[in-house]
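Q: Got a predicted model here, sequence first, then my questions.
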Amino acid sequence: MNLLDIESRVFSRIKNKCPQSLKDKYPNIYFTTSDRVQTNPKFPTVYVHEMNPVEEAQDLENQTINAVISSFQIEVTDNSSMSNATEVMNFVVETMKTMRYGVVSMPEFSNTTSVFRKIARFRRVIGSGDVL
Amino acid sequence: MANEFSTAGIKIYYAVETTAGTRPTTGFSVIAGIKSTPDFNPEPSTLEVTDLSDEVWKRYIPGLRDVGGALSFTANLTSAFKTAWEALVSASETAKASSKATWFEIAIPNFDSFYFAGEPTPLGVKAFNVDEVAEIDAYITPNAIEGWATASTKS
């Protein structure tokens, strides 16, 4: 496994695991790894962002990356209600747990009347021999 | 710049004797994935030799140095390391049956190597904890420590 490019694997897993019930309820649900604002934003939006990994388990030879501490910040934004953002985030958390990520913190944000946001961060150690 | 060096690039090798009683200088195989090596620099015991002629200071001579028994080498637990260690144990047991020792080399790039002979112990399993890289402690029981010498010839 390429330990320096885990974002695409995690993003694909989250996007592909999205249940039909959630797609039916939120037909405009949008998954992205880009933090650019779209011309016509879709809600709810699930923004998957891999934070810089940190090398772990170095050996004396130090010629290979044996493991990394992988961290993600995932944001769910909705324009109608906090409960919608929470419901989508619950799905995201369950999916991240299937990949054995631990939830390390959920920063609090002040919501406005038109933007409701849930944010969670996940972390786990991934070795070069691990399979997500 | 002086010639200080880091620990990056240090490798552990092993070879069995081809002639009993003679340390090999070629034919060493690498044991990849080692993360830490044991301390081969214990302080010597001190033997007091003060006699009645000494009026101010006690006098000592160095005694034996003790590495403390089985030596622990920590590695990441991988199939490659497990395979390499099993090959080492097998080779060592075969050599022992012919009264030949197994030698180990701690090789530092562009520097001399440290040599010792010993018997490896088959791997057990280390305690596992949540969200850590799996490691293993591999043990070698030393029965001859030669010390610093020229690095072996690598193929």
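A: Here it is on my side, so go on.

Q: where are the low-confidence patches of chain A?
A: Of all residues in chain A, none has pLDDT under 70.

Q: Show me which residues of it sit near chain B.
A: For chain A, the contact set with chain B under Cβ under 8 Å from any Cβ of the partner chain comprises A:56-63, A:66-67, A:102, A:123-125, A:127, A:129. To be clear about C-beta, it is placed using only N, CA and C from the backbone, and glycine gets the same treatment.

Q: can you give me the strands in chain A?
A: A:30-32, A:45-56, A:67-78, A:102-105, A:116-127 (DSSP state E).

Q: Just list what the third one packs against, helices and strands only.
A: Meaning strand A:67-78. Judged by 3 or more Cβ pairs under 8 Å, 6 or more residues apart in numbering or on different chains; DSSP states H and E, strand A:67-78 is in contact with helix A:7-17, strand A:45-56, helix A:82-98, strand A:116-127.

Q: Please apply the same query to the last one.
A: Packing partners of strand A:116-127 (3+ Cβ pairs under 8 Å, 6+ apart): strand A:67-78, helix A:82-98, strand A:102-105.

Q: show me what contacts the residue in chain A positioned nearest to chain B?
A: Closest to chain B within chain A is residue A:57: 3.9 Å, counting by Cβ to the nearest Cβ. Taking Cβ atoms under 8 Å, 6 or more residues apart in numbering or on different chains, we find residue A:57 in contact with A:66, A:67, A:125, A:127, B:35, B:76, B:133, B:135.

Q: hmm, back to that, as TSV, the strands of chain A with mean neighbour count would be great.
A: Output for the strands of chain A, formatted as TSV (neighbours: other Cβ atoms under 10 Å in any protein chain shown):
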stretch	mean neighbour count
strand A:30-32	16
strand A:45-56	17
strand A:67-78	21
strand A:102-105	12
strand A:116-127	20
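
Q: Which residue ranges of chain B form strands?
A: B:11-16, B:29-31, B:34-36, B:44-48, B:60-65, B:71-76, B:102-107, B:113-120, B:135-149.

Q: Single out the most deeply packed of those.
A: Across those, the average number of neighbours (mean count of other Cβ atoms under 10 Å in any protein chain shown) peaks for strand B:102-107, which reaches a mean of 23.
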